[in-house]
Every structure is written in C-alpha cells, then in structure tokens.
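# Okay, sequence plus prediction incoming.
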Amino acid sequence: MPPRQYRLAKPQARFSKNPDPENKFLFSNENKLLVAWWPDSAKKMFPHSLLFFTGDKAHRTRRLLMKLMKPDDLRRYVGIMDAVARCNMREEWEGKSDVKAFSLAKAYNFCLSCRIMIGIEDPDKIMKLMMKCKVLLKGLMGIPLDFPGTAFYKAMKAAEAIRRELKSMIEERRAVSSEKKMQEMDLLSWLLVTEDDEGELMPKEEVLDNVLLYLIAAHEAGNATLAMVMKYLAQMPHVYDEVLKEQTDIAMSKEDDQLLDLEDIKKMKFTWNVVCEVMRLSPPAQGSFRVALTDFTYAGYHIPKGSKLVWTPHSTHRNPEWFPEPEKFDPSRFQGKGPAPYTFTPFGDSDRTNTDCHSRTSSSSAPPSILGLVIGSAFSELT
Ligand code: HEM
C-alpha cells in the first residue's frame, strides 16, 4: 500500500505494509531525506543525547558506542548477566509459590543495566534509581506541560535527580581515579575517557544525557520482551519443553558454579528463534517517527519537508506474503536465512539501531547483541 498523506494538522505519512520498497526506503534514507523525530518531551529530557544527533556527529557517536560491543566486551557482559540472573533467581523466585513475572523481569533487567552502564550493585541504590526512572518514563511521551503536578513536570524532576546522581558518580570516580576503576569500564566511565575517531572526548553534558537515555531505552522494551516470552512459553508447553531441552543441554555441559560464556549464548538457537517469534507477534515497540528533511516524491505522492513519517512493525509482521499463516506461533520461520530483509523489524532496521544495543537481527544466527545476551542469560536461569 502506498503511503497516504493526511492533512489534518501537520502532514503525515504511514509506512507499514510493504517491506520493500517502503521499509527499505524509510530505513535507508536516514540523514538523507529524513531523520528520526522524537516528541518535544523527549527533547527536553535528553537534549544532549544521541537521539538528537544527526549527520557526522551521529555517526561518530555511534562508532564510539560500538567500540563497547566488541567480542571481548560481550564476553565480559555474559558473565555479569549470568551472575545477576542467578542472584535474581535466588533472591526473588526460588521457593516462592507465587511470583509476579513482569515486575521481577523488570527488576532483573534494571539491575543489569545499572551494573553494565553505571557500575552500581547496591540493591537500595538500584531500587531508588528504578523508582525515578519509572516517574521519568510516565512523563516521557506525554504533553510537555512543565508545571507542578503534571506527569511531565515530575518526569523532568526525576531526570534532574538522576543526572545529579550521575554527576556525583563522575566526581567520585575522578577522586578515586585508580587505574582499576577506569578499567572496569561501565558505559559511564567509557564515555568519560574514550576519544572518538576525531580525537575528541564527549562533553560531560552529553555523557550524562546519553547514559540516562541508555538506562531508559534498555529498560522498557527489554522488560516487555522477557515478560511476553514467559507468557507464550506458559501457553505452549511443547515450545517450553524444547527451550528447556536446549537450556538443559547447555547447563549440563558446565560445572555447577561455572557462569555462561559467549559460546553458550551462541548455542541458544532455538531459544532465540522463540524470542524472535514472540517479537514478531507482539512487537515490544510500536514503531517510531521520522521527519522529512526536504520535499520528496515517493510512489507518486508528494511528501513536503517537515512531514512526519511513522513506521510500525505490526503490519509486515502479520503480512501472510512474508509470514505464511501469520497468526501461527512458529519459531522455525527464523531458521536458516530467516525472514526476508526489512520484513522483521522489532528494532527498526536503520543504522540508528543496527549499531546500538540491538544489532541487525540476522535471525538465523544466535543472539549477538546486548539484548540477545540479556535474554539468553535470563532464560538459562529461568528454565
Ligand atoms: C526487545 C528489546 C528492544 C526493542 C524491541 C527495541 C526497539 C527499539 C526501537 C523500535 C527503536 C527505535 C528505532 C528507530 O527509530 O529506528 C529503539 C531505539 C533505541 N534503543 Fe532499543 N530496543 C530494545 C532494547 C534496547 C536495549 C537493550 C538498548 C540498550 C542497551 C536499547 C537502546 C536503544 C537506543 C539508545 C535507541 C535510540 C537509538 C537512536 O535513535 O539513536 N534498546 N529501540
């Protein structure tokens, strides 16, 4: 279906159904004909973050962040993730007759983000920070009315409070400034000390906003994915049994207290195919916006500069042309080469997210991204 243009307020076009050429057009024209667009509320909350970088600055920052996703770093994260998952299982799940899976998945995911991004392990500090992030998230996508009592006002206050804490962490690190501290290299330390390819350090305000963004971005969609996978597994015992078998085989190959490593995560092919199938049927993110940088014509439609364009994963994910019997839960769709390019887009498919925590979802391979590691580690402990 060609994109339509609505002229109610500002012009808008919806890109959703045909992976090629619509999704391909939208995702491959980033920074050429269009650029990511986020609401004013997000702009006020993370003004100096990656979300609002364009052109060369965006590329340089993404290349800098990608340096943190090298195989050695991923190897280090797997150990941390498995340790956090074990601790979460021991303290929150074991021996309980009744557990609230969603809130526990949230707690696990947030603990992990705190460890990897800002090096915090203290449960009280993590809990306080999680509360502030909750308030921030509530006001993030709302109307940016900045006066006492509104969700946006509370969210801005929460963002300021988190920034203050991050600032004091920076000061503490400077004061201690031992080699060891810096070598631990959570995201915060990394951004403070690492030069980009032009030899420039990231200004402090950008470090603060990017770390805040990552804490928030890693949170919501990851929680929803973990919780939805648990829901589907509970509803489909035959799929659960197969996931359990794969996880048990991996567990049996390890010593009792030996943590998972990257090779183990790569063996979780069936588990990852299940996760992909869950994200196909229930995409954790509903899509996002772009704005036209210039006038252009697409499929005979004139798209004026300033138009908002929205893409959503739902329509392609349920299109029988790309996913036969789309309502059927079938992880084997992701075997081999997996779905055709631009058809499976839970993370979008542009350079914006292919170089971030998600990585291009070449579904045939085991999870290579941060997200893959998070899910893999969680499920090795859950099953
Ligand atoms: C199931 C889990 C996740 C899903 C479904 C998801 C989905 C998405 C989507 C749809 C976007 C917008 C893409 C676009 O506009 O082209 C996005 C942006 C982003 N995500 Fe995720 N995400 C997930 C997990 C994560 C994790 C674990 C991290 C970090 C560790 C992360 C960091 C980011 C960042 C920084 C952005 C903004 C990128 C930019 O616009 O420059 N996400 N994500």
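Here it is on my side, so go on.
# Could you confirm residue 294 falls within a helix?
No: counting by DSSP: H, G, I helix; E, B strand; the rest coil, residue 294 is not part of a helix but coil.
# mind checking pLDDT for it?
Here the pLDDT value assigned to residue 294 is 95.
# list the contacts for it?
33, 305 (CB atoms under 8 Å, 6 or more residues apart in numbering). Where you see a C-beta, it was placed from the backbone N, CA and C, and this is true even at glycine.
# Need the phi and psi values for it.
phi -150, psi 170 (degrees, to the nearest 10).
# roughly how far apart are it and residue 52?
19 Å (CB to CB, to the nearest Å).
# Do you have the strands of the stretch 251-383 of the chain handy? List them.
Listed in chain order, the strands found in the stretch 251-383 of the chain under DSSP state E, counting those that start in this stretch are 288-292, 296-298, 301-303, 308-311.
# Relative to residue 152, how far out is residue 228?
Per CB to CB, residue 228 is found 28 Å from residue 152.
# before we move on, the earlier item: got a markdown table for the strands of the stretch 251-383 of the chain, with distance to residue 270 too?
What follows is the strands of the stretch 251-383 of the chain, written out as a markdown table (distance: least, CB to CB, whole Å):
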| stretch | distance to residue 270 |
| --- | --- |
| strand 288-292 | 30 |
| strand 296-298 | 39 |
| strand 301-303 | 42 |
| strand 308-311 | 29 |
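# So for residue 97, which of the ones you listed sits nearest?
strand 288-292 (40.5 Å; CB to CB).
# If you count neighbours, what's buried in the closest one?
Using 16 or more other CB atoms under 10 Å as the test for burial, strand 288-292 gives 288, 290, 292.
# What of stretch 223-243?
Of the residues in stretch 223-243, those buried (16+ other CB under 10 Å) are 223-230, 232-233, 239-240, 242-243.
# next one: stretch 41-52
41, 42, 44, 45, 46, 48, 49, 50, 51, 52.
# burial of residue 312, as a residue count?
17 (other CB atoms under 10 Å).
# thought it was touching residue 285?
No: in this structure residue 312 lies outside contact range of residue 285 using CB atoms under 8 Å: 9.1 Å.
# Now for the buried residues of stretch 223-243: which two are most distant?
Longest span within the buried residues of stretch 223-243, CB to CB: 223 and 242, 24.1 Å.
# and stretch 138-158, C-alpha only, in CSV?
The C-alpha coordinates for stretch 138-158 follow below in CSV (Å, rounded to 0.1, in the frame of the first residue of the first chain):
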residue,chain,number,x,y,z
LYS,A,138,5.5,8.1,32.8
GLY,A,139,6.0,11.7,31.7
LEU,A,140,8.3,10.9,28.7
MET,A,141,5.8,10.6,25.9
GLY,A,142,3.1,13.0,27.4
ILE,A,143,2.3,16.6,26.7
PRO,A,144,5.3,18.7,27.8
LEU,A,145,3.4,20.9,30.3
ASP,A,146,6.1,21.9,32.8
PHE,A,147,4.2,23.0,35.9
PRO,A,148,3.8,21.3,39.3
GLY,A,149,1.5,18.3,39.4
THR,A,150,1.9,17.3,35.7
ALA,A,151,3.4,13.9,34.7
PHE,A,152,5.9,15.8,32.6
TYR,A,153,7.0,18.1,35.5
LYS,A,154,7.6,15.1,37.7
ALA,A,155,9.5,13.4,34.9
MET,A,156,11.7,16.4,34.4
LYS,A,157,12.4,16.5,38.2
ALA,A,158,13.2,12.8,38.1
